[in-house]
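**Q** Any chance you could fold what I've pasted below:
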Amino acid sequence: MEISVVSHTLLAIFCMAGTYYWGYIDGRASLWDKMTEIASEITDNTLNYLCVKGYIKFSFDEKGEMHLHKVSPVHLKRDERLKKSKLSSKKY
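**A** Reported below is the predicted structural model:
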């Protein structure tokens, strides 16, 4: 049985389109899951780093969830003065 060039081309295009959409639909959900997982890891790592280094104030409630506290402007002004004094004392 011989198949014509046109029939072979149409069959190949149909198969390629089918596999493309199959991968698009299947990969779409898993891609979204991967993106949300990466975003949550970035958020967790950033908060942990800021807590360990003392850049933010926080407390834990009875459920173990972290609550962030606002930093007063007095602390911010003090930190700015410290940064200026540290920068001015360095010689390049």
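**Q** and residue 56, how many residues sit next to it?
**A** Using other Cβ atoms under 10 Å, residue 56 has 14 neighbouring residues. All C-beta spots, glycine's among them, are computed from the backbone N, C-alpha and C.
**Q** Is the residue nearest to it when sequence neighbours are not counted in a helix, a strand, or coil?
**A** In space, and not counting its chain neighbours, residue 56 is closest to residue 50: 4.7 Å by Cβ to Cβ, 6 or more residues apart in numbering. Classification of residue 50 by DSSP: H, G, I helix; E, B strand; the rest coil places it in helix.
**Q** For residue 50, the count of nearby residues, please.
**A** If you count neighbours by other Cβ under 10 Å, residue 50 ends up with 13.
**Q** What's the first helix or strand after the host helix or strand of residue 10?
**A** With secondary structure defined by DSSP states H and E, residue 10 is part of helix 5-53. The element immediately downstream of helix 5-53 (helix or strand, assigned by DSSP H and E) is strand 57-60.
**Q** Which strands and helices lie in contact with that next one?
**A** In terms of contacts (3 or more Cβ pairs under 8 Å, 6 or more residues apart in numbering; DSSP states H and E), strand 57-60 is packed against strand 66-69.
**Q** how far is the strand it packs on from where the chain is centred?
**A** From the chain centre to the centre of strand 66-69 is a distance of 21 Å (Cα atoms, centre = their mean, to the nearest Å).
**Q** Which strands or helices does it pack on?
**A** Using 3+ Cβ pairs under 8 Å, 6+ apart: strand 66-69 touches strand 57-60.
**Q** Just checking: what are the partner strands of the strand it packs on?
**A** Sheet pairing of strand 57-60 (DSSP bridges) gives strand 66-69 (antiparallel).
**Q** buried sites along the partner strand?
**A** Using 16 or more other Cβ atoms under 10 Å as the test for burial, strand 66-69 gives no buried residues.
**Q** any low-confidence regions in this structure?
**A** Low-confidence segments of the chain, defined by pLDDT under 70: 29, 71-92.
**Q** can you tell me which residues contact the spatially most central residue of the chain?
**A** In the chain, the centroid-proximal residue (Cα atoms, centre = their mean) is residue 39; its distance is 2.7 Å. Contact analysis of residue 39 by Cβ atoms under 8 Å, 6 or more residues apart in numbering lists nothing.
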